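Asks: Predicted structure and sequence below. I'll ask about it afterward.
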Amino acid sequence: MRRAIRGVSEFPLVPRAPHRENLSLHVVGLALLFLVPGMLIATLVEWGSASSDGEWPLLLAALITASVGVILFRGFRPPDDVRPSDVFPVVVWTWLWCSVLGALPYVLDADFFGWSQWDSALFESISGFTASGSTVLVDIDAHGRGMLLWRQFTQWYGGMGMVVLAVSVLPLLGVGGQELMRAETPGPDSDRLAPRISGTAKRLWLVYGGLTVAIAVALFAVPGVSLYDAVAHALTVAGTGGFSPYGGSIGHFESLGAELVMAAGMIAGAMSFSLHYRALRGDWRAYRRASDQMLFLKILASATAVITLLLWLRQGASFGLSLRDAFFNVVTLATSGGFHNIRPGGLGDFAAWTPPAQVVLGVLMLIGGGAGSTSGGMKVFRAQISAAHALRTVRLARRPRSVVPVKLGGSVIPESVVGRVLAFGTLYIMSFGVGTLIVASLGADPVTAVSGVISALSNMGPALGEAGPSSNFTVFARPARLVLAGLMIVGRLEITAVFLGAAMIVRHLLRHR
Amino acid sequence: MTATSSSTGFELAGWSGWSWGAQAVVVALIATGGMAGTAGGGFQMRRAIAAARYAYRELVTELHPHTVHVVKIGRRSVAERPLALLNGYQILFAVAVLAGVFGLSLAGMDLWGGASASISALATMGPAPGADLGALGGGEQVVLAVLMVLGRLALFPLVVVARGAVTGTRRLLLVERTNDRRAHS
């Protein structure tokens, strides 16, 4: 239809459309517009709290974001047909623009970071949007409630993804929309929940919003949790982010009830949202059919058991306390949440746990949650496919001419998917190796560097060693922090999208110089 | 450095005085190791190059789904079968390192020493930065010894043995040789 009109428009009597064709900037504009309500809500909260005056930076940031968003959205129109390869620059640009403009409140407020610490502001913003939860903010409790709420909001937006949010209202046709979502959503393929791709995106965001409200209500029911606390934490629990408006994270409440609610919320956030949607429609067996989601629950259970035993027998803590802290920290690390429950008399500081328990935690960080969830890491299905492939190669070594398919939950995985997973593994190890070398040569000790890079790549939050939960990422040198922030985006967009998007952007810039 | 990446294991100056970055580079070199077909241990250069090329191929395929792209080392193309074996080897290598670190830390080593020692043992290197190998207990020695044998025999044979196929080993060594030959033809 559009194409036909464009054909006509080459006839001189019909005027050309006034604006230029650029899918990336069109989507970026829309995504930025979606950030504005979050900033405005944070402004209102800041206005309401007497202790601080961060409302003007927030309001100014909201105005700038809104105007940039309108200019880009109205100034550029999407092309008539979107090719699969067009989507990677879109995703990369959206994440860069959102991270930069999302850092505006932090730099505009001189009490928060100010312009002199622009890199810290950018780190905090990227750590927010990628739902990592690593922080370089010192003395968190001293800052205004509104500014801290915006920090929570960034994780909520980034959890499900700004591109998915934009797609939910864009009338994109053809394979483009589907590919666009696939580039941002963790997992092999995004499930089709509705005939239109925007319908699928809308349903995913509705389920996500519903989960957030449910967590907020459940948290509010816990004694000692205020409405602000409940909302602020629900925003980051659903996105398995890890930011908390308190320096003490969940340990601030010293409440088993709050820990259990948050753990349940994080587990829900680390499972496929399209399965949640199907379950809400009455198909509860959908979970059963997804073998990676069931395996994820089994991993949680067995890791909890192992760590409980290690803490109980090796560190001499009581069984009940071991179980409580093992469970909460296994959940928060496996779902890549990254909250911590350090409190007096507890075992929350996992960087001080016995080394074998820390190795288990490191493996949990690497594996991450289920496909189609808001969690980070390499995802359980990739671990499954990799393991199946490794076992297959052992069989191939014995019987070199046999043909062995890789199976997952009874169904055969196509070789193209297996290849993509294996390439992902190589790229992951390469990013990990290069990142660790850079961070270590900038002065971090090996355990801190290795765990910091794993934490950034799997969007976890705290690391081990010096950057453990009782500390923060200010232990890294300032250039190292920017490297880690870059790795967070690489991890959030699951590597492929970043590599391809960056390559295509560079090629495009070179061609149109 | 030469001693490290060729997995000779001659101890030069003590590593403990080096900066963290230099120690990390040493461990990365140990992990990559020497060339194929030589006495160097580790993951080996040829495997690392092939794995990187394979990943690049998959990236290109993501952009152009119908492309046919042959992985090459130097000017020789690598057949698909050895590539598949290679990726499996990579996964087993990573799992072995993780299992080694877990075992060593269970026996009482700290994390960095455990990681560096298990990579070093898998690569049949010997000394490892950050780990005092002279002061090991019995548990650590057993774990490291198992890793060294794993690394020397290139993982596959031992995994096959572990799956209860003692007779497979002889055939397997033949298979690896044919695969290598196929890779070069």
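Replies: In hand now; what should we look at? Since we're looking at a predicted model, the values are computed, not measured. Numbers count the residues shown, from 1 in each chain, chains lettered A, B, ... in the order given.

Asks: Every contact and neighbour count from this point should use C-alpha atoms.
Replies: OK.

Asks: Give me the neighbour count for B:Ala48.
Replies: By the measure other Cα atoms under 10 Å in any protein chain shown, the count of residues near B:Ala48 is 17.

Asks: now do A:Ser402
Replies: For A:Ser402, using other Cα under 10 Å, the count is 11.

Asks: Give the helix, strand or coil label for it.
Replies: With DSSP: H, G, I helix; E, B strand; the rest coil as the basis, A:Ser402 sits in coil.

Asks: Quick check: it touching A:Leu396?
Replies: Yes. Using Cα atoms under 8 Å, A:Ser402 is in contact with A:Leu396, at 6.5 Å.

Asks: out of everything not next to it in sequence, what's closest to A:Leu193?
Replies: Once flanking residues are discounted, A:Leu193 sits nearest to A:Thr200: 5.0 Å by Cα to Cα, 6 or more residues apart in numbering or on different chains.

Asks: Likewise for A:Leu484?
Replies: Here the nearest residue to A:Leu484 in space, its sequence neighbours aside, is A:Ala456; by Cα to Cα, 6+ apart that works out to 5.9 Å.

Asks: What about the one you found, how many residues nearby?
Replies: Applying other Cα under 10 Å, we find 34 residues neighbouring A:Ala456.

Asks: I'd like the mean pLDDT over the helix or strand harbouring it, please.
Replies: In this assignment (DSSP states H and E), A:Ala456 forms part of helix A:446-457. Helix A:446-457 shows a mean pLDDT of 88.

Asks: again, but for stretch A:344-363
Replies: 86.

Asks: on that earlier part again, now do the helix or strand that contains the residue nearest to A:Leu193, average pLDDT.
Replies: Take DSSP H and E as the rule and A:Thr200 turns out to sit in helix A:197-221. The average pLDDT for helix A:197-221 rounds to 91.

Asks: Now do the next helix or strand along the chain from that helix: distance to the chain's middle.
Replies: Remark: after helix A:197-221, the chain's next helix or strand is helix A:227-238, criterion DSSP H and E. With Cα atoms, centre = their mean, to the nearest Å as the basis, helix A:227-238 stands 16 Å off its chain's centre.

Asks: Mind listing residues that contact helix A:227-238?
Replies: A:131, A:149, A:152-153, A:155-156, A:159, A:208, A:211-213, A:215-217, A:219-220, A:242-245, A:262, A:265-266, A:268-269, A:337, A:374 (Cα atoms under 8 Å, 6 or more residues apart in numbering or on different chains).

Asks: What residues sit buried inside stretch A:307-325?
Replies: Using 16 or more other Cα atoms under 10 Å in any protein chain shown as the burial criterion, the residues of stretch A:307-325 that qualify are A:307-312, A:317, A:321-325.

Asks: err, stretch A:335-350, not the other one
Replies: In stretch A:335-350, counting by 16+ other Cα under 10 Å, buried: A:335-343, A:347-350.

Asks: Now do the end-to-end distance for it.
Replies: End-to-end span of stretch A:335-350 (Cα to Cα, to the nearest Å): 16 Å.

Asks: And for stretch A:394-404?
Replies: End-to-end for stretch A:394-404, by Cα to Cα: 11 Å.

Asks: if you look at it, does any of it touch chain B?
Replies: Yes. Using Cα under 8 Å from any Cα of the partner chain, we find that stretch A:394-404 touches chain B at A:394-398, A:400.
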